[in-house]
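J.: Give the three-dimensional model of this entry:
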Amino acid sequence: MPGKRYLELSKKFDRQVYYNLKEAVDLAKSMATAKFDETIEIHFRLGIDPRHSDQQVRSTVMLPHGTGKTVRVLVFAEGEDARAAEAAGADIVGGDELLDRIAKDNFLDFDAALATPPMMKKIGRVARILGPRGLMPNPKAGTVVQADDLERAVQELKAGRVEFRNDKTGNLHIPIGKASFDNDKLLENAQAVVNAVNAVKPSGVKGVYIRRVVLTPTMGPGVRVDLTSLN
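T.: So this is what the prediction gives:
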């Protein structure tokens, strides 16, 4: 059963109405009244069949105003590559010893992970730990990078580059910032996400690609978005 606060927030708008993106952002932000700085998220219901490999949606988006959180970046690298990662500003750098720590101690005190290509054959042994949490480096997501590209990759992650991928039901869940952000900044972040999702429409999709979009604060109800306002 929804709590009293949730029900009260639901009275602030008509849950059957589809609002344009700006109105939806304003409403979602106005409902973030918890005692902490809630995250505003955008959720997509996609017209894909996630059982098919040619209908997977996975990419990254650079949020113009970041996510509002401090991002701890881990880099799997060894030797000269590890020194390059440290120089690039990575918070955690390591090779076999770091993989052992993840495998044995379930160490997950980081928000994003990068890897140099030579490390990928080793990382497979912790894929079952990292994968479900969205922390497994992947070339398609731009998180497997050469040593000379580490500085750019690390700085982008810290500045607000967000990876997204569809779940088993064909949905996307992407943060667009904190409730403390100005409305205009949340709107610009939301539009950047919409553009990024549209840009990676799989070739195998038949019919409508984006079926529903909802904006919501961490502790509040969802606001439906008028899809025509996303163009």
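J.: In stretch 205-212, which residues are buried?
T.: Within stretch 205-212, the residues that qualify as buried by neighbour count (16 or more other C-beta atoms under 10 Å) are 205, 209-210, 212. For glycine as for every other residue, the C-beta is placed from the backbone atoms N, C-alpha and C.
J.: so which of the residues you listed comes closest to residue 227?
T.: residue 210 (6.3 Å; C-beta to C-beta).
J.: what bridges to the closest one?
T.: According to DSSP bridges, the residues that bridge with residue 210 are residue 46.
J.: Tell me if I'm right that it and residue 44 touch.
T.: Yes: counting by C-beta atoms under 8 Å, residue 210 touches residue 44, with 6.0 Å between them.
J.: which neighbours do those two share?
T.: Common neighbours of residue 210 and residue 44 are listed as residue 197 (criterion: C-beta atoms under 8 Å, 6 or more residues apart in numbering).
J.: Find the nearest non-adjacent residue to residue 26, please.
T.: With sequence-adjacent residues excluded and distances taken as C-beta to C-beta, 6 or more residues apart in numbering, residue 26 is closest to residue 183, at 5.7 Å.
J.: and the gap between the one you found and residue 100?
T.: Distance of residue 183 to residue 100, given as C-beta to C-beta, to the nearest Å: 46 Å.
J.: Can you tell me which of the buried residues of stretch 205-212 is nearest residue 26?
T.: Residue 26 has its nearest neighbour among the buried residues of stretch 205-212 in residue 212, at 19.4 Å by C-beta to C-beta.
J.: Read off the pLDDT value for the closest one.
T.: Note on residue 212: pLDDT of 96.
J.: Where does it sit, in terms of helix or strand?
T.: Applying DSSP states H and E as the criterion places residue 212 in strand 210-217.
J.: and the longest helix for this protein?
T.: helix 183-199 (DSSP state H).
J.: Outline the domain layout of the protein.
T.: 14-67+161-230, 73-158 (automatic domain parsing).
J.: The residue nearest to residue 26 - how many residues pack around it?
T.: Using other C-beta atoms under 10 Å, the number of residues around residue 183 comes to 13.
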